[in-house]
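> sequence? don't have it. structure:
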């Protein structure tokens, strides 16, 4: 389908009235960025008309690659949202007084597969088709006291296929299947005070049992990455080359960035908070930096570096066999730790206590030798 052909199709959706033509122009401009988004236009016929035009407050064309933007844009906001299945035009309308928290739930595997929540049509659809097959729209932002009435307005207007309940804020009309009723009944009968799983101490069913290392490893692996309920909810990371200002890469969290760069989580976090260059080369930021901000950002890092050099104390390493002349010298504990591949806490501990390391080396702030006692 050509771009020109798509343009004709939009005109038939919106009609020829002035307001409809304006809306047509807006939608064209937004969705014509690439061929994939033209597919979304076919789903708009059920949502827009020349006589009743609804323009969403926000439109996210790909719920997969725009996840971070979705969560950041809707922090501390209340409103009505709509998940649209681009492949078949079906959609779901929901509401929340905390949009960021609610939308984040849809990205949690544990939420989508929950025995209760996972039974909803929208959760099944997200699992089946994947986030890249869905667009997300914020139909409107509204006050908390009006949110139920506004959701009901859209439910009545569009009768969305993925919504089982048609009354906002109510479970009226929802019926469990006979199989579900039997499962609920069986659960409640088994979940009594005499249930062995409710017992504690030596009477507990797992008392004295320990997991093998292999089982612990499998449990840990199963909760990593996208399977972790907190996946994607961390601090965003943006990496730039300090000398040239080139953008290198971005990550959804410090953990993912640390794993990719093969550095410690604490190290990367310190680079962000204390404005320290990673390997004296990479600028790490928790937000994107534009050209206007770049010069001021460089100045901040340079000032931070000067302060640290001024505050820092040189560290000297002595061989116990020769306590008068240091065998190595470093400008700071951090540099010593990095060069010697040791933990900073270990070095600080030896500096404060005066104890030797490996019964052979002594760390000291003094360049005039150490006591041989």
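Noted; the coordinates are in hand. Because the structure is predicted, anything quoted here is derived from the model rather than measured.
> going by C-alpha atoms from here, please, whenever you check contacts or count neighbours.
Fine.
> what residues sit buried inside stretch 359-367?
Neighbour-count burial for stretch 359-367, counted by 16 or more other Cα atoms under 10 Å, picks out 361-365.
> what about residue 271, distance to residue 263?
Distance check for residue 271 against residue 263: by Cα to Cα, to the nearest Å, it reads 11 Å.
> more neighbours, the two?
residue 271 (16 against 13; other Cα atoms under 10 Å).
> per-residue confidence at the more buried one?
What the model reports for residue 271 is a pLDDT of 81.
> what's the mean pLDDT across stretch 282-296?
Across stretch 282-296, pLDDT averages out at 76.
> which parts of that stretch are buried?
Buried residues in stretch 282-296, counted by 16+ other Cα under 10 Å: 282-286.
> start and end of that stretch, how far apart?
First-to-last distance for stretch 282-296 - Cα to Cα - comes to 16 Å.
> still on that earlier bit, and which of the buried residues of stretch 282-296 is nearest residue 113?
Closest to residue 113 out of the buried residues of stretch 282-296 is residue 286 (31.4 Å), distances taken as Cα to Cα.
> ok, residue 144 to residue 114 distance?
Distance of residue 144 to residue 114, given as Cα to Cα: 27 Å.
> the buried residues of stretch 282-296: which two are farthest apart?
Top of the distance list for the buried residues of stretch 282-296 (Cα to Cα): 282 and 286, 13.2 Å.
> returning to that earlier point: list just the nearest of the buried residues of stretch 282-296 to residue 64.
residue 286 (20.6 Å).
> related to what we said a few turns ago, looking at the buried residues of stretch 282-296, which one is closest to residue 252?
Taking Cα to Cα as the measure, residue 252 sits nearest to residue 286 out of these, at 9.8 Å.
> surely that closest one meets residue 238?
Yes. With contact defined as Cα atoms under 8 Å, residue 286 reaches residue 238; the gap is 6.1 Å.
> which stretches of the stretch 1-150 of the chain aren't confidently modelled?
Filtered on pLDDT under 70, the stretch 1-150 of the chain yields the residue ranges 1-53, 116-119.
> do a quick rundown of the strands in it.
Ranges of strands within the stretch 1-150 of the chain are 58-60, 79-85, 91-96, 134-141, based on DSSP state E, counting those that start in this stretch.
> now do the contacts for the nearest residue to residue 243 once chain neighbours are set aside.
Closest residue to residue 243 apart from its sequence neighbours, by Cα to Cα, 6 or more residues apart in numbering: residue 281 at 7.4 Å. By Cα atoms under 8 Å, 6 or more residues apart in numbering, residue 281 lies in contact with 241-243.
> could you list the domains of the protein?
Annotated domains of the chain cover 1-54, 56-168, 201-227, 237-309, 315-364 [automatic domain parsing].
> can I assume residue 219 sits in a strand?
No. Residue 219 sits outside any strand when classified using DSSP: H, G, I helix; E, B strand; the rest coil, being helix.
> count residues in the vicinity of it, would you?
Counted by other Cα under 10 Å, the residues lying close to residue 219 total 12.
> how about it, what does it touch?
By Cα under 8 Å, 6+ apart, the contact set of residue 219 is empty.
> report pLDDT for it.
Residue 219 carries a pLDDT value of 74.
> what's the answer for the one 5 residues further on, then?
Listed pLDDT for residue 224 reads 62.
> so who does residue 96 touch?
Each residue near residue 96 by Cα under 8 Å, 6+ apart is listed here: 78-80, 102, 147.
> please identify which of these is nearest to residue 67.
Using Cα to Cα, residue 102 comes nearest to residue 67 of these, at 12.9 Å.
> my guess is residue 336 meets residue 330, correct?
Yes. Using Cα under 8 Å, residue 336 makes contact with residue 330 at a distance of 5.6 Å.
> of these two, give the one with the bigger neighbour count.
Neighbour count, other Cα under 10 Å: between residue 336 and residue 330, residue 336 has more, with 22 against 16.
> now that one, what's its secondary structure?
Assigned state for residue 336: helix (three-state reduction, three-state DSSP).
> got the contact list for it?
Residues in contact with residue 336 (Cα under 8 Å, 6+ apart) are 315, 330, 342.
> between those, which is nearest residue 153?
Residue 153 has its nearest neighbour among the contacts of residue 336 in residue 342, at 62.4 Å by Cα to Cα.
> ok so, going back, tell me the one of the contacts of residue 281 nearest residue 63?
Looking across the contacts of residue 281 and measuring by Cα to Cα, the closest to residue 63 is residue 241, at 29.5 Å.
> which strand residues bridge the closest one?
Counting by DSSP bridges, residue 241 forms beta bridges with residue 282.
> report pLDDT for it.
At residue 241, pLDDT is 80.
> from residue 298, how far out is it?
Distance of residue 241 to residue 298, computed by Cα to Cα: 11 Å.
> also residue 365?
Separation of residue 365 from residue 298 (Cα to Cα) stands at 31 Å.
> who's in contact with residue 81?
Applying Cα under 8 Å, 6+ apart to residue 81 gives the contacts 93-95, 136-140.
> any chance of a markdown table for the residues you listed, columns neighbour count and distance to residue 122?
Output for the contacts of residue 81, formatted as a markdown table (neighbours: other Cα atoms under 10 Å; distance: Cα to Cα, whole Å):
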| residue | neighbour count | distance to residue 122 |
| --- | --- | --- |
| 93 | 25 | 10 |
| 94 | 21 | 10 |
| 95 | 24 | 14 |
| 136 | 25 | 12 |
| 137 | 21 | 14 |
| 138 | 23 | 16 |
| 139 | 22 | 17 |
| 140 | 19 | 20 |
